[in-house]
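Peer 1: Provided below for reference: sequence and predicted model.
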Amino acid sequence: MATYVLVHGAWSGGWMWRDVARMLHAAGHEAFTPTLTGLGERFHLARPDIDLDCHVMDVVNVLRFERLERVVLVGYSYGGMVVTGAAEQEPERIVRLVYLDAFVPFDGESAADLLGPTRTALFVRAAEHLGDGWRVPAPKDGGPEGARFTDMPLEAGLQRLVVRNLAARGLPRTFVLFTAKPATDLLGPVMGRMAARARQAGWDSRELAIAHGRGDDAEAVARLLTDLA
């Protein structure tokens with residue numbers, strides 16, 4: 001039996017993993033799906049000072065208070081920032097990090113740094129004009145689950161991460177590139193660069209023929225995670 005902690009991306013919540021978690025449970029595994037502060041069912045806690053540190057502590061506290069050991073820690077999209085930060089604090093609880101089409105930060109980088117100045121400027125302007133200066137409005141093209149998306153605290157994407165723990169650096173890592181993105185998806189080049197980082201670092205590399213917005217593609221994701229265990 002494996003223990004998974006699944007961390008969602010921006011604008012989303014733990015709800016995105018419902019079907020994946022159900023399949024993992026059916027296969028005999030444990031699966032925890034925390035929702036980051038200010039998002040999903042915790043959107044009522046949103047405030048301007050929510051940052052990456054807060055989201056990292058959301059996950060660290062699940063590891064600590066649930067007394068989890070030998071965890072496969074999975075981050076999707078922005079969740080790559082969060083799982084990297086959590087591993088910095090609790091490397092001894094983790095047996096593998098999995099980045100599902102996710103950000104792979106180096107020391108001193110933010111999600112905004114990885115997105116690049118053009119896309120970051122769009123998010124900052126959206127927050128200034130539509131989010132009281134601190135909320136990035138949820139995308140309007142979220143598909144059938146779009147109604148469940150919530151605004152994203154801007155500071156979480158701007159804060160830079162400290163990545164210096166040697167024990168965390170030695171953890172096995174897998175990067176999973178989603179290869180069915182449409183040509184118009186601006187994250188395509190970003191995730192291509194993240195995949196290249198992973199390969200250069202000698203990580204295990206996989207591919208799934210799904211689009212970035214389908215991080216919750218239950219059957220494909222659950223099968224891959226089960227194989228990794």
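Peer 2: Good, I have the coordinates.
Peer 1: how close does Val62 sit to Val56?
Peer 2: 11 Å (Cβ to Cβ, to the nearest Å). For glycine as for every other residue, the C-beta is placed from the backbone atoms N, C-alpha and C.
Peer 1: those two: who's more crowded?
Peer 2: Higher neighbour count among Val62 and Val56: Val56, with 25 against 19, using other Cβ atoms under 10 Å.
Peer 1: pull the CA atoms of the host helix or strand of that one into CSV?
Peer 2: If you go by DSSP states H and E, Val56 is part of helix 52-65. What follows is helix 52-65, C-alpha atoms only, in CSV (Å, rounded to 0.1, in the frame of the first residue of the first chain):
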residue,chain,number,x,y,z
LEU,A,52,3.5,30.4,-1.2
ASP,A,53,4.7,29.9,2.4
CYS,A,54,1.1,29.6,3.6
HIS,A,55,0.3,27.0,0.9
VAL,A,56,3.5,25.0,1.7
MET,A,57,2.5,24.9,5.4
ASP,A,58,-1.0,23.6,4.3
VAL,A,59,0.7,20.5,2.9
VAL,A,60,3.4,20.3,5.6
ASN,A,61,0.8,20.2,8.3
VAL,A,62,-1.1,17.4,6.6
LEU,A,63,2.2,15.4,6.6
ARG,A,64,2.8,16.2,10.3
PHE,A,65,-0.7,16.0,11.8
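Peer 1: against which helices or strands is that helix packed?
Peer 2: strand 3-7, helix 79-89, helix 154-158 (3 or more Cβ pairs under 8 Å, 6 or more residues apart in numbering; DSSP states H and E).
Peer 1: any idea how far the spatially most central residue of the chain is from His25?
Peer 2: In the chain, the C-alpha nearest the mean C-alpha coordinate belongs to Gly79, at 1.4 Å (Cα atoms, centre = their mean). Remark: distance between Gly79 and His25 (Cβ to Cβ) = 20 Å.
Peer 1: can you check Val136 too?
Peer 2: 33 Å.
Peer 1: which one of the two has more residues nearby?
Peer 2: Val136 (21 against 13).
Peer 1: phi first, then psi, for the closest residue to the more buried one other than its chain neighbours.
Peer 2: Leaving aside its chain neighbours, Val136 sits nearest to Met152 (4.4 Å; criterion: Cβ to Cβ, 6 or more residues apart in numbering). Main-chain dihedrals, Met152, degrees, to the nearest 10: phi -100, psi 130.
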